[in-house]
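[1] Coordinates for the following, if possible.
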Amino acid sequence: MIKTVGVKKSFGPLEVLKGIDIEIAKGEVVAIVGPSGAGKTTLLQILGTLSQPDAGEVYVDGERVDVLSGKALSKFRNSRVGFVFQFHHLLPEFTAFENVCIPGYIGGKNRDEVENRAKELLEMLNMSHRMEHKPSELSGGEQQRVAIARALVNNPAVLFADEPSGNLDSKNRDEIHNLFFALREKLGQTIVVVTHDEHLAECSDRKIELLDGTVVSV
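    Next comes the predicted model:
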């Protein structure tokens, strides 16, 4: 599902990634771990097409993505990858249901299909009773569930998550962790998570450990 070859990335004189070679199979739940400054988020952003490498090749779902630009890149990002961040970034003026639907509308998909998919996901995530509530009326865990549903509404090949439970209490953190594995079982979803949470990392199928911009274990 994902492959990188010799990926490098620098910010000015600082070399953050120093030649990353990894492979992630379809349906894997993989945790990217390592100390602060190791390059974890930079790697995740490159895998998810939010950032371009300075050198190397990146393949996602059979397509080389580091050479995409403009409309092709936007289309790929909207239809083939989903993102969940530490802070949910829900739009406050819209309901939970509307927030989930927005990526589908942007992607130009059939409105009925988008809305049916949004309802299915919110039900799967035990949020169907909160569909008409706005983000300010939801708990932190509920907001993150809505953000996960939004990330999945276009049936992405890969779900990328950057510290998805970092802003939650222990109960909601455990629920979100369990949810990732339920999504893999129900949807066959490939999930790549950057995390400092040892419990989530240990529960994952595999850990990719970064240190000073290099892979030290897979």
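[2] and residue 59, what helix or strand is that in?
    If you go by DSSP states H and E, residue 59 is part of strand 55-60.
[3] what's the offset of that strand from the middle of its chain?
    18 Å (CA atoms, centre = their mean, to the nearest Å).
[4] Flag every buried residue along it.
    56, 58, 59, 60 (16 or more other CB atoms under 10 Å). C-beta coordinates here come from the backbone N, C-alpha and C atoms, glycine included.
[5] Ok, stretch 177-184 next?
    Those would be 177, 179, 180, 181, 183, 184, for stretch 177-184 by 16+ other CB under 10 Å.
[6] now stretch 152-161
    152, 153, 154, 156, 157, 158, 159, 160, 161.
[7] Roughly how far does the first one sit from residue 68?
    Yep, that's residue 152 we're talking about. Remark: distance between residue 152 and residue 68 (CB to CB, to the nearest Å) = 22 Å.
[8] quick one: the closest residue to residue 147 other than its chain neighbours and residue 16, what's the gap?
    Of all residues not flanking residue 147 in the chain, residue 88 sits nearest, at 4.1 Å (CB to CB, 6 or more residues apart in numbering). For residue 88, the distance to residue 16 (CB to CB) stands at 26 Å.
[9] Mind pulling the model confidence for the residue most central in space within the chain?
    By CA atoms, centre = their mean, the mean C-alpha position of the chain lies nearest to residue 160, the distance being 1.8 Å. pLDDT, residue 160: 93.
[10] In helices, which of the buried residues of stretch 177-184 appear?
    Among these, the members falling in helices are 177, 179, 180, 181, 183, 184 (criterion: DSSP state H).
[11] ok, the fourth one touching residue 29?
    It refers to residue 181. Yes - with contacts counted by CB atoms under 8 Å, residue 181 reaches residue 29, the gap being 6.4 Å.
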